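Student: coords please:
(chains A and B)
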Amino acid sequence: MLMSELSNGDCFKVIKVTLAGEIGKRISEMGFTQGTEGKVVRRALLGDPIEICILRYNVSLRKSEADGIEIEKIPELTCVCKRRRSCKARLEKG
Amino acid sequence: MYVNAVAVVKHDWRRDKDNMPENKIETVIRIGLAGNPNAGKTTLFNAITGSHQKVGNYAGVTVEKKEGRRQYKGRELIIFDLPGTYSLTAYSADEVVARDFILEEKPDIIIDVIDSTNIERNLYFCLQLQELGVPVVGALNIIDQAESMGLDIDEELLSELLQLPLVKTVGAKKQGLDELLDIVVQVADAAKIAGVLNPSEIKVYYGDELEREIERIETLVKQDEKFTAIYPARWMAIKLIEKDKDANKKLREHKDYALIEKETRRHIQHLEKHFGRDSEIIVSEQRYAYVNGAVAEAVFSEERTHVSLSEKIDSILLNRFLGLPIFLFFLWAIFQFTFIIGEFPKDWIQAGFGWLSVALSGLLPEGLLRSLVVDGIIGGVGSVLSFVPLIIILFLLISVLEDTGYMSRAAFIMDKFLHIFGLHGQSFLPMMLGFGCSVPAIMATRTMRSVRDRIMTIMVVPLMSCGAKLPVYVLLAAAFFPNNAGNVVMSIYLIGIALGLVSAMVFKRTVYKGKSTPFVMELPTYRVPTVRGILWHVWDKTCHYFRKAGTIILLASVLVWAITTFPRTVADPAKHASESQAEIQMEDSYAGQIGKVIEPVLRPIGFDWKVGIAVITGFAAKEVVVSTLGVLYKVESNDADVNAGQSLGEALKKDRNFSPLIAYILMLFTLINVPCFAALAAIRAEIGWKWLGFSAAYNFVLAWVVCFVVYQAGLYFGL
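Tutor: Presented below is the predicted three-dimensional model:
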């Protein structure tokens, strides 16, 4: 599945960036690497560009760029809760 | 995997300073300040250096070079502010400047400003810095925001994992600066003395497959010691695998260039087959994997349940339907503020200079000197200064929008439309400002990251009809199209916009063919701008304008004065100059002679030598076209403007060389022709002489062609 096929609010996991050269490199450097999860936030008036939340920030991509990112749709972001205390507290709760 | 790399020296940068041999400690420490955009680098730079700054340009490129100084505990710190970048590839001028500075100038140490709220991407950049063979200290900046977001960074553990000294800072509140500088001094000293942070020992672990290939290339690169004295072998090996063109160019200095190149190609082929993707992407992915590993260990985050303030703001400002109207409202407000409120101080300055020229006229004896001082220099300096209020107000507003983070949202909203014409979302604001004045509009392109987009935008801006051209339209439209003046002027504006967009499309297909730049743009968290930060921006830009544009405008004004003043006509200087003498002077002057020389060029578009002179003097400032016509058509220009305009219009109507068609063509020509000196000066200051030349030539040719077509068509239809 391609990133551009997702609807607003959908979560995804990156499989790979298929764009070559500068654009592909830039996109991977902004955090679109294998296994990274993110979410489509919104689109501009004409459906392009697309705002995406990845790592811990928001980035906008043109549709042509989102076409070059293969993703897997996931129901929701994996819990990033890694703060020891709260995780522990949750574990204790069961 | 990254644990392997950690088995090196532990916290050796904290080595006791007292044990150092005195003679090896140098008082001056040269520091490179690097970091991602929006990481608070400028704020930190200002917080450290205060007002001790020097601004210049890096040789050959238009990337700004900033240098600051700071006395710290008996040491002299020289801090070089490197351009804010996301990476260190060879794709953008900013990045090449940053890495070449580090490779060639070899600063003693680098401070990497890390946006703690966005730690993975910022550390990704940091790892690349470490590979350049200079010790790096990381400032975990904006730590207060990261903590309020629920991030808990164990900086000691992270620092150990990455073999990177880290200090938590808040640039805007000046927190952690002393701790940062203490470590900087210690690490720099330690590195000098013992090579503690020997770059070859701190490695990102790229995974078995990649490491094997890196090592093979590295071994080959190491064969040339002269080469590795400048370029770290491991860095070179990695860059070659990343297919970095600039690194490949540098490799030519290597004695085994051909061999290494051949081997690299073979290794890349192998890697790409193994991983099933481009080698440059493989390197990024492995680097991120390394960062993610360390972050997973040392950074704890709470689950984000509440919607952040930024997201709430964006749900309105970037709303699919409200976004555009809100953006247009902001634009309208900027425009109103700048050009309406800015008009007042502009008028005061002009009135001040008017008073000054009257006063000096009284003091100086009539003659060349007085004419030079009053008409040439004061006129020139006055026009330079009269732009200053506009620039200050404009940049005050732009800085607020920029520092809050709204600017990238505006680009997000406008990108689709402008991209059709090969422009960028961020081109919109400069183009809008162009309707007021090209000078601040051209300077406003500084917020754009891509050089290509900046140049394209700057080339288009002069076609947005500026305020100074309006008096020319008003004069001609009122005289020749009394019933339709508004529509006629409107048509000129629309033609300008259309030509601008079409030009951009043409540039996209010719000058900048094939070079499409990625739009990938961060939408940073909204931040409350600091007063200090904004004042810095404004001060910086105003100074820039003075230095770069001021001198050239002054020179140009004197030049225009000279060509309209020389050679002197034989007239009795004791007598009060009559209008006819002024006219004769104009006709006999070099400007007049040039006007006659270029008449054959202007004939096909319907202009005679008089209009030619007006067009030439219009280079100084577009509104001068009106006053030159005034002189040539013997109209007393001392009258109130309205009367002068009316009588000049009447005089033009009486000239049989003038007709509604010619008047319209003169409007068109004024619109399109070579930008005024102030605009050209701004173009030179921003993107260099080459583009000044291109802009001047392109606009002249375009003006001529458009006018030729319209004139000939007009004649054909018997207008």
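
Student: mind listing what the residue positioned nearest the centre of chain A touches?
Tutor: Nearest residue to the geometric centre of chain A (CA atoms, centre = their mean): A:G38, 2.5 Å. Listed by CB atoms under 8 Å, 6 or more residues apart in numbering or on different chains, the contact partners of A:G38 are A:C11, A:F12, A:V14, A:G31, A:F32, A:I52, A:C53, A:I54, A:L55, A:L77. From N, CA and C alone the C-beta is placed, and that goes for glycine too.

Student: Just name the closest of those to B:G40, please.
Tutor: A:L55 (17.8 Å; CB to CB).

Student: Please name the nearest non-neighbouring residue to the closest one.
Tutor: A:G31 (4.3 Å; CB to CB, 6 or more residues apart in numbering or on different chains).

Student: Show me the contacts of A:G38 that map onto strands.
Tutor: A:C11, A:F12, A:V14, A:I52, A:C53, A:I54 (DSSP state E).

Student: can those residues go into JSON lines with extra columns for distance to B:A498 and pLDDT?
Tutor: Shown next, in JSON lines, are the ones in strands among the contacts of A:G38 (distance: CB to CB, whole Å; pLDDT from 0 to 100):
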{"residue": "A:C11", "distance to B:A498": "43", "pLDDT": "94"}
{"residue": "A:F12", "distance to B:A498": "41", "pLDDT": "95"}
{"residue": "A:V14", "distance to B:A498": "42", "pLDDT": "95"}
{"residue": "A:I52", "distance to B:A498": "34", "pLDDT": "95"}
{"residue": "A:C53", "distance to B:A498": "38", "pLDDT": "93"}
{"residue": "A:I54", "distance to B:A498": "39", "pLDDT": "92"}
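
Student: Mind picking the two most distant members of the residues you listed?
Tutor: Largest pairwise distance in those, by CB to CB, is 12.9 Å, between A:V14 and A:C53.

Student: the more surrounded of the two?
Tutor: Applying other CB atoms under 10 Å in any protein chain shown to A:V14 and A:C53 shows that A:V14 carries more neighbours, namely 22 against 18.

Student: thinking again about what came up before, so the residue nearest to the centre of chain A, which of the three states?
Tutor: strand (DSSP: H, G, I helix; E, B strand; the rest coil).

Student: what is it paired to in the beta sheet?
Tutor: A:F12, A:I54 (DSSP bridges).

Student: What separation do you get for it and B:V520?
Tutor: 13 Å (CB to CB, to the nearest Å).

Student: check whether stretch B:128-142 contacts chain A.
Tutor: No: using CB under 8 Å from any CB of the partner chain, stretch B:128-142 never reaches chain A; the gap is at least 9.4 Å.

Student: Check stretch B:209-220 too.
Tutor: No: Stretch B:209-220 lies apart from chain A when judged by CB under 8 Å from any CB; the minimum separation is 13.7 Å.

Student: so which of the contacts of A:G38 is the most crowded?
Tutor: A:F32 leads the contacts of A:G38 on contacts (other CB under 10 Å) with 32 neighbours.

Student: if we can go back for a sec, and the residue nearest to the centre of chain A, how far is that from A:E5?
Tutor: 14 Å.

Student: go on, B:I613?
Tutor: Where A:E5 is concerned, B:I613 sits at a distance of 63 Å (CB to CB).

Student: So for the two, which sits in the more crowded spot?
Tutor: The residue with more neighbours, out of B:I613 and A:E5, is B:I613; 27 against 13, by other CB under 10 Å.

Student: Which residue is the nearest non-sequential neighbour of the residue nearest in space to the middle of chain B?
Tutor: For chain B, B:R446 is the residue whose C-alpha lies nearest the centre (CA atoms, centre = their mean; 2.6 Å). Leaving aside its sequence neighbours, B:R446 sits nearest to B:E686 (CB to CB, 6+ apart; 7.2 Å).

Student: neighbours around the one you found, how many?
Tutor: B:E686 has 21 nearby residues by other CB under 10 Å.

Student: for B:A294, same thing?
Tutor: 25.

Student: what do you get for B:F694?
Tutor: For B:F694, using other CB under 10 Å, the count is 17.

Student: what about it, is that helix, strand or coil?
Tutor: Going by three-state DSSP: B:F694 is helix.

Student: tell me which element B:Q186 falls in.
Tutor: helix B:177-194 (DSSP states H and E).

Student: ok, then the element right after that helix?
Tutor: helix B:208-221.

Student: Check which helices and strands that following helix sits against.
Tutor: helix B:233-241, helix B:257-275, helix B:279-298 (3 or more CB pairs under 8 Å, 6 or more residues apart in numbering or on different chains; DSSP states H and E).

Student: what comes up buried for it?
Tutor: B:L210, B:E211, B:E213, B:I214, B:I217, B:E218, B:L220, B:V221 (16 or more other CB atoms under 10 Å in any protein chain shown).

Student: Show me the helices in chain A, by range?
Tutor: A:21-29, A:63-66, A:84-93 (DSSP state H).

Student: And the average pLDDT for the first one is what?
Tutor: On average, the pLDDT along helix A:21-29 is 91.

Student: for the shortest one, same thing?
Tutor: In this model, helix A:63-66 has an average pLDDT of 93.

Student: Same check on the longest one?
Tutor: Per-residue confidence for helix A:84-93 averages out to 45 on the pLDDT scale.

Student: so which strand or helix has B:I393?
Tutor: helix B:388-404.

Student: Now the element after that helix, going C-ward?
Tutor: Past helix B:388-404, the next helix or strand by DSSP H and E is helix B:406-419.

Student: packing partners for that following helix?
Tutor: Taking 3+ CB pairs under 8 Å, 6+ apart as the contact cut, helix B:406-419 packs with strand A:57-61, helix B:309-317, helix B:323-336, helix B:388-404, helix B:428-434, strand B:521-523.
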